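Q: Quick one: sequence and predicted model below, then my questions.
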Amino acid sequence: MDMSVTAWEAELTTIYGSDQEFYHHYTWKIILEILTVIVALVGLSGNTVVLWILGFHMRRNAFSVYIVNLAGADFLFLFCFIIYFLYSTFNLHITKEVISRFVSIVAMFAYISGLSILSTISTERCISVLWPIWYHCRRPTHMSAIMCALLWALSLLLSMLEGNYCDFPNWGVHHVWCQVLDFITVAWLILLFVLLSGSSLALMTRLLCGSQRLLPTRLYMTIMITVLVFLLCGLPFGFHWFLIVRFSNEYLALFHLSKTVQLLSCVNSCANPFIYFFVGSFRQRWQKQRHTLRLVLQRAFQDTPEVDELGESLPGETLYMSGTRQRQ
């Protein structure tokens with residue numbers, strides 16, 4: 001996230017030469033920022049609904065715990081963009097150091113947490129499919145909550161260290177430590193990406209190939225679409241943050257790329273609630289019964305194949321999400 005608009009304007013005036021060309025690019029910057037804020041506001045509303053329903057109105061199970069934490073990470077990530085927009089647009093009485101330290105650290109914390117939780121969801125789902133007996137019988141109690149707590153703690157530690165040693169004003173003082181932390185953080189993100197891609201590919205292979213192909217369930221479709229949206233919209237933000245942003249001159253010159261990546265990252269965090277509602281309501285006959293948001297979310301994480309082709313396999317109150325027969 002860029003934190004010094006004034007420096008950008010001075011640099012861009014030098015780069016583009018004329019005031020007319022500069023204001024043309026500056027206009028596109030404002031348009032991308034407005035689109036980002038609109039998407040962030042929609043995403044905040046959607047993730048709030050998911051947090052409210054799954055957190056207070058539905059029975060907790062293995063995967064719903066992960067989904068609640070993923071929605072929390074997305075909410076926090078989008079909230080950081082709203083705070084930055086308010087600061088840069090209305091010139092709030094907040095020092096630049098607070099913005100650069102607090103907002104950037106929290107945004108990094110939320111991004112790493114979201115990727116970690118999504119990778120864990122995909123990996124655990126892959127294990128439950130490939131080794132179902134071991135998973136159902138030997139899975140530790142409250143594993144979902146424990147894993148989420150560990151991932152939040154690790155993400156917070158990495159983001160705080162990065163913010164302390166790798167912020168631009170003090171980057172030269174802690175150059176060596178910053179390089180070490182960058183290496184650790186990038187290695188962790190690469191590991192998460194490998195787990196996310198490998199587990200998703202294994203699930204897709206098991207579904208489409210082999211003699212014992214699995215029947216698709218709504219839970220599988222929810223996870224696959226969420227992973228696909230992240231790879232298309234969320235992953236570029238990580239590459240941009242830890243690669244391009246370290247080279248300040250190139251970063252200033254490629255400000256359109258920065259704004260586009262920010263917009264895509266907000267689309268990724270905003271899309272998850274709509275994915276849940278789309279999968280949960282897909283192929284349902286809405287006129288037959290009143291479908292509440294709780295029931296739609298319940299259907300989105302249903303881990304049993306549809307009984308008939310019309311999608312009316314089970315009454316609403318008898319649907320169970322994956323893990324209701326497991327220990328949480």
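A: Good, I have the coordinates.
Q: For the rest of this, base every contact and every neighbour count on C-alpha atoms.
A: Fine.
Q: In this protein, where is pLDDT below threshold?
A: 1-22, 24-25, 90-100, 167-175, 210-214, 242-256, 283-291, 306-328 (pLDDT under 70).
Q: Longest helix of it, counting residues only.
A: Ranked by residue count and defined by DSSP state H, the top helix of the chain is helix 19-56.
Q: what comes up buried for the following helix or strand past that one?
A: Per DSSP states H and E, the first helix or strand lying C-terminal to helix 19-56 is helix 62-90. By 16 or more other CA atoms under 10 Å, the buried positions in helix 62-90 come out as 62-82, 84-85, 87.
Q: One more: stretch 185-192?
A: For stretch 185-192, by 16+ other CA under 10 Å, it's 185-186, 188-189, 192.
Q: quick one: which of those residues is nearest residue 159?
A: Residue 159 lies nearest to residue 185 out of those, by CA to CA, at 8.7 Å.
Q: Now for the closest one: which residues touch it?
A: Shown in contact with residue 185 (CA atoms under 8 Å, 6 or more residues apart in numbering): residue 158.
Q: got the angle for the longest helix of the chain vs helix 62-90?
A: 150 degrees (axes from the mean of the first three to the mean of the last three CA atoms, to 10 degrees).
Q: Which strands and helices lie in contact with helix 19-56?
A: When contacts are defined as 3 or more CA pairs under 8 Å, 6 or more residues apart in numbering; DSSP states H and E, helix 19-56 packs onto helix 5-16, helix 62-90, helix 255-281, helix 293-300.
Q: okay, those helices in CSV with distance to residue 200 next?
A: Converted to CSV, the helices and strands packed on helix 19-56 look like this (distance: least, CA to CA, whole Å):
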stretch, distance to residue 200
helix 5-16, 39
helix 62-90, 16
helix 255-281, 17
helix 293-300, 18
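Q: one step back: report the buried residues of the longest helix of the chain.
A: Going by neighbour count (16+ other CA under 10 Å), the buried part of helix 19-56 is 22, 25-26, 29, 32-33, 35-37, 39-44, 46-51, 53-55.
Q: repeat for stretch 130-149
A: Buried residues in stretch 130-149, counting neighbours by 16+ other CA under 10 Å, are found at 135, 144-145, 148.
Q: Redo those residues as a markdown table? Include distance to residue 201 and secondary structure.
A: Output for the buried residues of stretch 130-149, formatted as a markdown table (distance: CA to CA, whole Å; DSSP: H, G, I helix; E, B strand; the rest coil):
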| residue | distance to residue 201 | secondary structure |
| --- | --- | --- |
| 135 | 19 | helix |
| 144 | 22 | helix |
| 145 | 26 | helix |
| 148 | 23 | helix |
